[in-house]
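**Student:** Dropping a prediction and its sequence here:
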Amino acid sequence: MKRIAAGILAFAMFAVAGCGGAQLGTSSGTGGQSVKIGFIAPLTGDAKTYGESAKKGFDLALEQAGNKAGNFTVAVTSGDDRNDPTEGVNLATKMISQDKVSAIVGAVTSSVTIPVSEVANSSKIVMITGTATAAKVTVDDKGARKPYAFRAPFIDPFQGQVAAKFAVENLKVKTAAILYDKGNDYSIGLTEEFQKTFAAKGGTVVASLSYGKDDTDFSAIVTNVAAKKPDMIYLPDYYGKVSLIAAAIKAKGLNVPLVGADGWDSNDLDFAALAGGYFTNHYSADDPSPAVQKFVKEYEAKYKAKPDAFAALAYDATNMLLEAIKQAGSTDSEKIRTALQGLKEFPAVGGKLSFDANGNPIKAAAILQVQANKSYKFITSVQP
Amino acid sequence: MVQFIEQVINGLQLGFVYALIALGYTMVYGIIRLINFAHGDVFMIGAFVGYFGFAVWGLPWPVAILVSMAVCAVVGMAIERLAYRPLRAKGAPNIATLITAIGVSLFIEYFTSLKFVFGPNYRVVARPFAVQVFHLGPVSISSVQILVITVVLVLVAGLQYIVYRTKVGKAMRAVSHDRDAARLMGIDVDRVISYTFAIGSALAAAAGVLFALAYPQISPFMGIMPGLKAFTAAVLGGIGSIPGALLGAVLMGQAETLTAAYITTDFRDAIAFGILILVLLLRPAGLLGKAGPEKV
């Protein structure tokens, strides 16, 4: 870990050193005619499908814009990070110092995007990720904003708020129990936000119980939860644990709604045990909103497949960046940054988007319901 | 009170699964003084074969358990024949055999993780029957719990019969008392050891299938923790003693479940293993173990 951090630091310093000249070069060399954008995604390796979807969304956005952002012709250099943070840093450094890009779209996973955002931010190059949800993509360890880092998805804790709102307003529940992994930041963050919002809306959390990441026997805590008779159970964890807990809940004969977050979105979910459960997600192709349906139609026409959340979010990220370049009327990264931060109600697939002070979009979440036949049904979208 | 009874039942479910694994540890130890670390992995193979049985090959689940037990009996015998017997024949020190056991364990875990074997990811086990919940007064008990407890009781009764009422059992007891004397009496020691591995592995396989039904998720590394807990249970009860393994496993199950239920899940392993240390301090041979120095 230390070695990686040191490597990142070295690269970041190298990038800063190489950058002073780079930016001058860009603005004087292009003469206002073209703008270079870098695209980083895992196109091979263990997160390959995420990267492929993101690339499709990115390509579609560019194609629809006619490869233009305002008066500038867009030139793309893209690279494969193989879902490897070191590779992501190398790509970002190369794009900034050699290719002299004005902005970067990417990366896809949080683990790669965090170091890439460090490089971009210290080189003062705008970076916008379509899909990385970890809070640290746009803020540093101390919580201070990285001014050049932006993203298109909402961040993890936001889902906790949305889930609580949905539970109180749509499911009309009064009491909830929470089971969470005490060793997982994702799970803890969601739990805290859910608890806060649920209480603020007049609900009572009757039990909040934790487990460890190696636990497989949940019968004891599920028995305790059953004794409290909650109206619903919140399970903010990844699909593997959630599947086991749901099976234990079923075996206990507890028939209350289960609610979760985007960690549920997997083909390896135990659909039988979780059928009927709800979870918050970034997007659903079945969302009837005109913006989503228009995007789904156009995407299907080009790729003959339904777009997933990765494609939709990368598409939004790209469009927001193109709009910012257009409004800035310049290839200067600082001007693009100001324009991007100032976007108001930008019409995107994910709704009318504006950025908050931390570079996170203020947008609605989709609520999906797990179906026993291995699919998800769109229920509603919830505004923050 | 109702809740307490339900927690005790939860603990019994867990403890009984541990018991089936612990029996294999204790029988093998009793007979060749070897802690067979690969035993938890045989449990894992049992879970996978059972899963293939009822989910892929479409067998009724009791048949799937029997198939899994048969496959693992062969696997157990093969492990003994290929890894342990050659060492024993050469008179290798116990520590060499122990290290071999760890090697076998790691080999099985990583070999089965390969894509063309079981694959590294976990699989969701679809239970072959719908879970029903029965209410005995205010206490609720699920069909899975009844199934686990019943199957374990039947298998333990079967084991008891084999060990105390059959010729093989008599031979096993004789070998565990004194291997050389047993050999002088005309007992084929190698064959008896082989049977012991077969029986222990078959029990572990049944435990694997039951575990997969109770906690429906399986992966090549699922055997590590239950294996360790069952080994602890065997030591707690007095390794080498069959009733001791049962007692130890039930205690471990209760300690874990009750800690998770009434203290916090953070301490479940700490308290379970803390009890082990305490018991060993007071009774070094375990609760039902035979006291007295080990023969060197």
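**Tutor:** On my side now, so go ahead.
**Student:** where along the stretch 51-200 of chain B do the strands fall?
**Tutor:** Assigned by DSSP state E, counting those that start in this stretch, the strands in the stretch 51-200 of chain B fall at B:123-124, B:133-136, B:139-142.
**Student:** Not counting the first one itself, show me its contacts.
**Tutor:** By CB atoms under 8 Å, 6 or more residues apart in numbering or on different chains, the surrounding residues in contact with strand B:123-124 are A:243, A:268-270, B:51, B:216-219. Where you see a C-beta, it was placed from the backbone N, CA and C, and this is true even at glycine.
**Student:** Tell me who's in contact with residue A:41.
**Tutor:** So residue A:41 contacts A:50-52, A:54-55, A:58, A:78, A:80-81, A:106-108, A:314 (CB under 8 Å, 6+ apart).
**Student:** Strands - which of the residues you listed land there?
**Tutor:** A:78, A:80 (DSSP state E).
**Student:** ok, the contacts of residue A:41 vs chain B, which is closest?
**Tutor:** residue A:50 (16.5 Å; CB to the nearest CB).
**Student:** my guess is that closest one contacts residue A:310, does it?
**Tutor:** Yes - between residue A:50 and residue A:310 there is a contact under CB atoms under 8 Å: 5.0 Å.
**Student:** what do the two both touch?
**Tutor:** Common contacts of residue A:50 and residue A:310, defined by CB under 8 Å, 6+ apart, comprise A:108, A:131.
**Student:** thinking again about what came up before, how about the contacts of strand B:123-124 in CSV, adding neighbour count and distance to residue A:201?
**Tutor:** As requested, these are exported to CSV (neighbours: other CB atoms under 10 Å in any protein chain shown; distance: CB to CB, whole Å):
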residue, neighbour count, distance to residue A:201
A:243, 26, 29
A:268, 14, 33
A:269, 24, 28
A:270, 23, 30
B:51, 25, 43
B:216, 26, 34
B:217, 20, 34
B:218, 22, 40
B:219, 19, 39
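**Student:** min pLDDT across these, which one?
**Tutor:** Within these, residue A:268 has the lowest pLDDT, namely 79.
**Student:** which residue sits closest to that one, ignoring its sequence neighbours?
**Tutor:** Closest residue to residue A:268 apart from its sequence neighbours, by CB to CB, 6 or more residues apart in numbering or on different chains: residue A:239 at 5.7 Å.
**Student:** what's the neighbour count on that neighbour?
**Tutor:** 20 (other CB atoms under 10 Å in any protein chain shown).
**Student:** and it, what does it touch?
**Tutor:** Residue A:239 neighbours (CB under 8 Å, 6+ apart): A:263-266, A:268-269.
**Student:** Quick check: end-to-end length of stretch B:232-252?
**Tutor:** 8 Å (CA to CA, to the nearest Å).
**Student:** Could you list every helix and strand in contact with the helix or strand where residue B:42 lies?
**Tutor:** Per DSSP states H and E: residue B:42 is located in helix B:39-51. Contacts defined by 3 or more CB pairs under 8 Å, 6 or more residues apart in numbering or on different chains; DSSP states H and E place helix B:39-51 against helix B:2-32, helix B:61-79, helix B:94-112, helix B:189-214, strand B:217-218, helix B:224-237.
**Student:** How about the residues of chain A by chain B?
**Tutor:** Residues of chain A that fall close to chain B, judged by CB under 8 Å from any CB of the partner chain: A:182, A:209-212, A:214-221, A:223-224, A:227, A:240, A:243-244, A:247-248, A:250-253, A:268-270, A:272-273.
**Student:** again, only using 6 Å
**Tutor:** Taking CB under 6 Å from any CB of the partner chain as the contact definition, chain A meets chain B at A:211, A:216-217, A:219-220, A:223-224, A:227, A:243-244, A:247, A:250-251, A:253, A:270, A:272.
**Student:** Would you write a PyMOL line that selects the buried entries of those?
**Tutor:** Only the buried entries of the residues of chain A next to chain B go into this PyMOL selection, using 16 or more other CB atoms under 10 Å in any protein chain shown:
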select buried, chain A and resi 211+216+217+219+220+223+224+243+244+247+250+251+270+272
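**Student:** Looking at the contacts of residue A:41, which has the smallest pLDDT value?
**Tutor:** Comparing those by pLDDT, residue A:106 comes last, at 81.
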